[in-house]
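Undergrad: just coords:
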Ligand SMILES: Cc1cc2nc3c(=O)[nH]c(=O)nc-3n(C[C@H](O)[C@H](O)[C@H](O)COP(=O)(O)OP(=O)(O)OC[C@H]3O[C@@H](n4cnc5c(N)ncnc54)[C@H](O)[C@@H]3O)c2cc1C
């Protein structure tokens with residue numbers, strides 16, 4: 001054991017300090033399994049103080065580290081750093097406080113998304129952001145990726161539901177960003193932290209906003225003979241002035257996968273399905289439902305079903321929620337891509353993706369949060385066929401460029417991580433990237449926190465620096 005590791009062993013008991021090869025293997029990758037890296041060690045803190053101790057140890061030994069929740073990142077965001085420390089937060093999974101009067105929940109970072117709604121349910125409350133990974137992903141990971149889900153169209157992303165966070169900065173200092181109140185003064189530090197992909201520090205306590213549960217739902221399943229028509233229907237619903245709780249699209253491959261997995265009863269021959277759900281108080285939902293049904297019929301749907309009971313509604317959603325992972329039944333390997341286009345360009349984007357899929361000779365399944373223009377093309381390939389992974393990656397890149405060209409973004413909710421850092425210059429100028437980097441360096445001059453992620457380029461520039469950092473020389477930062 002090296003002296004540094006020996007020191008770490010004084011901070012964590014053997015059961016919560018993993019460093020033997022067999023112990024490290026499960027942590028070598030996240031949900032983007034195409035990337036693998038071996039950390040020096042994994043620690044499993046159980047308190048804020050232990051996170052501080054781990055981060056201070058990293059700062060002392062200049063060892064980079066990654067915070068990890070459940071490791072469901074699809075962009076390699078929680079991939080360990082070769083020779084770095086992985087700080088696994090799954091054991092910090094307590095609900096610290098739930099105040100139904102104030103409608104807030106205070107949780108540790110390893111608390112699971114769906115558990116927030118489960119805990120709030122007896123009070124008629126729930127937590128709105130609902131990534132499809134909600135039964136397993138943690139609030140810490142959701143916060144770092146500003147995660148979204150089916151209901152973000154109406155309620156916004158994680159950033160709209162986090163009120164405060166206690167954060168361990170890369171030098172081991174603790175700060176509290178935001179407060180329990182909705183109104184704050186000064187710069188929005190919490191806003192800066194949410195979505196920063198673990199590059200600015202580790203959240204150890206998070207205060208969330210809870211909302212009253214909707215009284216009624218009206219769930220419509222519409223079948224189309226083309227993907228483009230379904231995409232255009234989304235624009236038509238939004239243009240009509242309605243604001244559904246969710247609008248989701250699945251294409252024929254996704255339908256096939258969902259049917260094979262959970263038998264949701266979808267029309268199997270459809271080229272595309274649109275799920276639209278209204279929610280809210282009963283009189284309002286009833287009035288809007290009549291209007292929505294009319295808009296959907298006019299959008300060219302050849303079959304329209306309305307859920308007549310809670311069971312039928314759940315069955316419709318079960319298929320949608322299962323579709324993602326069920327695509328694994330259609331292909332040995334697949335890349336999940338995540339981009340955004342303006343809603344009005346959805347039809348065009350989907351038609352173009354179909355064209356690209358034919359040109360590359362690779363099947364692409366689409367299942368996505370259409371309401372916010374968030375695309376999730378799943379590119380199916382066989383890793384055992386020489387060159388197919390590379391072709392799939394190239395196609396994924398083309399789709400991202402398409403999103404940017406149509407006025408969208410290279411990520412909707414899965415983050416930049418390892419996977420998309422090369423595409424950052426497609427969206428941002430050098431000056432933009434330099435400004436982001438200056439913020440990062442102000443907090444983390446050695447770039448220890450999740451080093452190597454999000455910014456384009458192989459290595460962190462700090463690795464090449466000898467002597468004081470330029471910001472230290474300028475008197476902006478110090479190591480004291
Ligand atoms: C089947 C499937 C479906 C998915 N569907 C969606 C979806 O609909 N919407 C969506 O947004 N995402 C989705 N995802 C992606 C993923 O689940 C989310 O990004 C989720 O927020 C990650 O949570 P996690 O706990 O697994 O975090 P990890 O993967 O462990 O970490 C993600 C990032 O957060 C950082 N991090 C973790 N904890 C902390 C902390 N306490 N403080 C600071 N940084 C931290 C990590 O360093 C990393 O950069 C899906 C993934 C899968 C596998």
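TA: Sure, I can see it. Just so it is clear, the model here is predicted, and its values are computed rather than measured.

Undergrad: what's across from the closest residue to residue 85 other than its chain neighbours in the sheet?
TA: With sequence-adjacent residues excluded and distances taken as C-beta to C-beta, 6 or more residues apart in numbering, residue 85 is closest to residue 65, at 4.2 Å. In this view, the C-beta of every residue, glycine as well, is placed from N, C-alpha and C. Beta-bridge pairing for residue 65 (DSSP bridges): residue 85, residue 449.

Undergrad: Contacts only, for residue 65.
TA: 54-55, 58, 81, 84-87, 448-450 (C-beta atoms under 8 Å, 6 or more residues apart in numbering).

Undergrad: Read off the pLDDT value for it.
TA: Here, the pLDDT recorded for residue 65 equals 98.

Undergrad: so where's the stretch 351-480 of the chain shaky on pLDDT?
TA: For the stretch 351-480 of the chain, the stretches flagged by pLDDT under 70 are 458-480.

Undergrad: Check whether the helix or strand that residue 261 is a member of comes into contact with the ligand.
TA: If you go by DSSP states H and E, residue 261 is part of helix 252-262. No - Helix 252-262 is not in contact with the ligand by C-beta under 6 Å from any ligand atom; minimum separation 12.0 Å.

Undergrad: Residue 182 versus the closest residue to residue 177 other than its chain neighbours, what's the distance?
TA: Closest residue to residue 177 apart from its sequence neighbours, by C-beta to C-beta, 6+ apart: residue 190 at 4.1 Å. Going from residue 190 to residue 182 by C-beta to C-beta, to the nearest Å gives 12 Å.

Undergrad: So between these two, which is more surrounded?
TA: residue 190 (21 against 8; other C-beta atoms under 10 Å).

Undergrad: Now do the more buried one, the pLDDT please.
TA: At residue 190, pLDDT is 96.

Undergrad: Go ahead and confirm it touches residue 166.
TA: No - taking contacts as C-beta atoms under 8 Å, residue 190 lies outside contact range of residue 166: 10.9 Å.

Undergrad: And the strands in the stretch 1-150 of the chain?
TA: 17-18, 41-43, 65-68, 85-88, 95-99, 104-107, 125-126 (DSSP state E, counting those that start in this stretch).

Undergrad: Deepest-packed of those strands, please.
TA: strand 65-68 (a mean of 28; mean count of other C-beta atoms under 10 Å).

Undergrad: how far does that strand sit from the chain's center?
TA: Computed by C-alpha atoms, centre = their mean, to the nearest Å, the chain-centroid distance of strand 65-68 equals 16 Å.

Undergrad: at contact distance from the ligand, anything in that strand?
TA: Yes - using C-beta under 6 Å from any ligand atom, strand 65-68 reaches the ligand at 66-68.

Undergrad: now do stretch 336-356
TA: No - if you take C-beta under 6 Å from any ligand atom as the test, stretch 336-356 misses the ligand, and the best it gets is 7.4 Å.

Undergrad: gap between the two ends of that stretch?
TA: Start-to-end span of stretch 336-356 (C-alpha to C-alpha, to the nearest Å) is 16 Å.

Undergrad: do the same with stretch 9-26
TA: Stretch 9-26 has an end-to-end distance of 20 Å (C-alpha to C-alpha).

Undergrad: what do you get for stretch 151-167?
TA: Stretch 151-167 end-to-end distance (C-alpha to C-alpha) = 27 Å.

Undergrad: Alongside the ligand, which residues does the stretch 1-150 of the chain contribute?
TA: When proximity is defined as C-beta under 6 Å from any ligand atom, the stretch 1-150 of the chain approaches the ligand at 30-31, 66-74, 77-78, 89, 109, 131-133, 137-138, 140-142, 144-145, 147-149.

Undergrad: Keep only those of the residues you listed that are in helices.
TA: When DSSP state H is applied, those are split such that 140-142, 144-145 fall in helices.

Undergrad: Can you report how many residues neighbour residue 323?
TA: Counted with other C-beta under 10 Å, the neighbours of residue 323 add up to 31.

Undergrad: Count the neighbours of the nearest residue to residue 81 once chain neighbours are set aside for me.
TA: Closest residue to residue 81 apart from its sequence neighbours, by C-beta to C-beta, 6+ apart: residue 64 at 4.7 Å. Number of residues near residue 64 (other C-beta under 10 Å) recorded here: 25.

Undergrad: Report the contact partners of residue 64.
TA: Contacts of residue 64 (C-beta under 8 Å, 6+ apart): 58, 81, 84-85, 447-452, 460.

Undergrad: so where is this protein shaky, pLDDT-wise?
TA: Across the chain, residues meeting the criterion (pLDDT under 70) sit at 458-480.

Undergrad: For the residue in the stretch 101-250 of the chain positioned nearest to the ligand, give its distance to residue 404.
TA: Nearest residue of the stretch 101-250 of the chain to the ligand, counting by C-beta to the nearest ligand atom: residue 141, 2.1 Å away. Look at residue 141 and residue 404: by C-beta to C-beta, they are 26 Å apart.
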